[in-house]
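Student: Return a 3D structure for these sequence lines:
(2 chains)
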Amino acid sequence: MTDDQGQALRLEIDSELTNTTLIAMAIRGLCAMTALSPVEVNRVELCVVEIVNNAIEHAYGCEKGHRVEVVVHLARSALTVTVNDWGQPVARSKLEPVSLSVDQDDPALWLSSGRGLPIVHSLMDSVLYQRDGDKNSFVMCKRIKA
Amino acid sequence: MSFEAKNEAGYTVVSMDETRLDASISEPFRIYLFDQIDSGSNQVVIDLGSVRFMDSSGLGVLVATLKKMAGQGVLKLAAPQPAVLDLFNLTSMNKLFTITPTVTEAIEG
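Tutor: Residues are numbered from 1 along each chain as shown, chains lettered A, B, ... in the order given. Below is the predicted model:
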């Protein structure tokens, strides 16, 4: 396994939703090197897919030909995934954690979109969004229990 | 991507030849489901047995379909794999949908 410094892997796809699967499969492979449980691996895959899709759909408006970069840092105690794009930034208001609860009696409140970021907030141990120049970075971390 | 609908005991059973119900196919799947409903299907079972992975876009399609039926029909989800069921539980969507372990149980239930 990795030492405390860990190991890093950089992946890059073009901004097409069909390419997200490539990242997902790579993440699953990396997670297989860790002590994460099968349920945790599924959840990490879900979170990475949500953020990569978010970059393609919202930063680039589903326009092909743009770069989405995923940097994975694997250490003994944590898996950190950074998703970088160079498109439109996410509005701060959309980054606030919101509840995933649902009112069964009010169909008007049953959302058919907008659950991606709340899912990530609920499943990852830490989440950070930052903009540096024209680069947007979404950093999420999952602790690995020995 | 390929979706299929067949009639079983008064239900329209929709299945898909896909292992991932994600953003790359969610819109074609939504159109397919809406077409089924617009064609008169008001008792629908969606067979999720082949789907190993679902993201929030896939989930959103199912919610949109449930809303489209607007309480005037029956929508059941059958045979979800563990990661898919986990997503329903995480998002509380298990409270909105009738979810059964098999298609047969969805039809007979």
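Student: Would you mind identifying the next helix or strand past the one helix or strand A:Ala24 maps to?
Tutor: Taking DSSP states H and E as the definition, A:Ala24 sits inside helix A:20-31. Downstream of helix A:20-31, the next assigned helix or strand under DSSP H and E is helix A:38-54.
Student: returning to what we had before: buried sites along the helix holding A:Ala24?
Tutor: A:Thr20, A:Thr21, A:Ile23, A:Ala24, A:Ala26, A:Ile27, A:Leu30, A:Cys31 (16 or more other Cβ atoms under 10 Å in any protein chain shown). In this view, the C-beta of every residue, glycine as well, is placed from N, C-alpha and C.
Student: and if you look at stretch A:137-146?
Tutor: A:Phe138, A:Val139, A:Met140, A:Cys141, A:Lys142, A:Ile144.
Student: how about the nearest residue to the residue positioned nearest the centre of chain A, chain neighbours excluded?
Tutor: Nearest to the mean C-alpha position of chain A, by Cα atoms, centre = their mean, lies A:Val48 at 3.0 Å. Residue nearest to A:Val48 in three dimensions, not counting chain neighbours: A:Ile27, with 5.0 Å by Cβ to Cβ, 6 or more residues apart in numbering or on different chains.
Student: right, and the one you found touches A:Leu46 too?
Tutor: No. Contact between A:Ile27 and A:Leu46 fails when scored by Cβ atoms under 8 Å: they sit 9.9 Å apart.
Student: Can you name the residues of chain A sitting close to chain B?
Tutor: A:17-18, A:20-21, A:24, A:38-39, A:42-43, A:45-46, A:49-50, A:53, A:56-57, A:100-102, A:104, A:107, A:110-113, A:115-116, A:119, A:122-123 (Cβ under 8 Å from any Cβ of the partner chain).
Student: List the residues that contact the residue nearest to B:Asp55 when sequence neighbours are not counted.
Tutor: Nearest residue to B:Asp55, sequence neighbours excluded (Cβ to Cβ, 6+ apart): B:Asp22, at 4.6 Å. By Cβ atoms under 8 Å, 6 or more residues apart in numbering or on different chains, B:Asp22 lies in contact with A:Leu17, A:Thr20, A:Thr21, A:Val49, A:Asn53, B:Phe53, B:Met54, B:Asp55, B:Ser57, B:Gly58.
Student: any idea which helix or strand carries the residue most central in space within chain B?
Tutor: Per Cα atoms, centre = their mean, the C-alpha nearest to the average position across chain B is that of B:Ile46, at 3.5 Å. Assigned by DSSP H and E, B:Ile46 falls within strand B:43-47.
Student: Which neighbours in the sheet does the following helix or strand past that strand have, and how are they oriented?
Tutor: On the C-terminal side of strand B:43-47, the closest following helix or strand by DSSP H and E is strand B:53-54. On the basis of DSSP bridges, the sheet neighbours of strand B:53-54 come out as strand B:20-21 (parallel).
Student: other SSEs contacting the next helix or strand after the strand it pairs with?
Tutor: Once the chain leaves strand B:20-21, the next helix or strand it forms, by DSSP H and E, is helix B:26-38. Under the contact criterion of 3 or more Cβ pairs under 8 Å, 6 or more residues apart in numbering or on different chains; DSSP states H and E, helix B:26-38 touches strand B:3-8, strand B:11-16, strand B:43-47, helix B:56-69.
Student: Mind putting the ones you listed into TSV with distance to chain A and mean pLDDT?
Tutor: Shown next, in TSV, are those (distance: least, Cβ to the nearest Cβ, whole Å; pLDDT from 0 to 100):
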stretch	distance to chain A	mean pLDDT
strand B:3-8	17	96
strand B:11-16	15	97
strand B:43-47	15	97
helix B:56-69	4	96
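Student: so which of these comes closest to A:Leu74?
Tutor: helix B:56-69 (25.4 Å; Cβ to Cβ).
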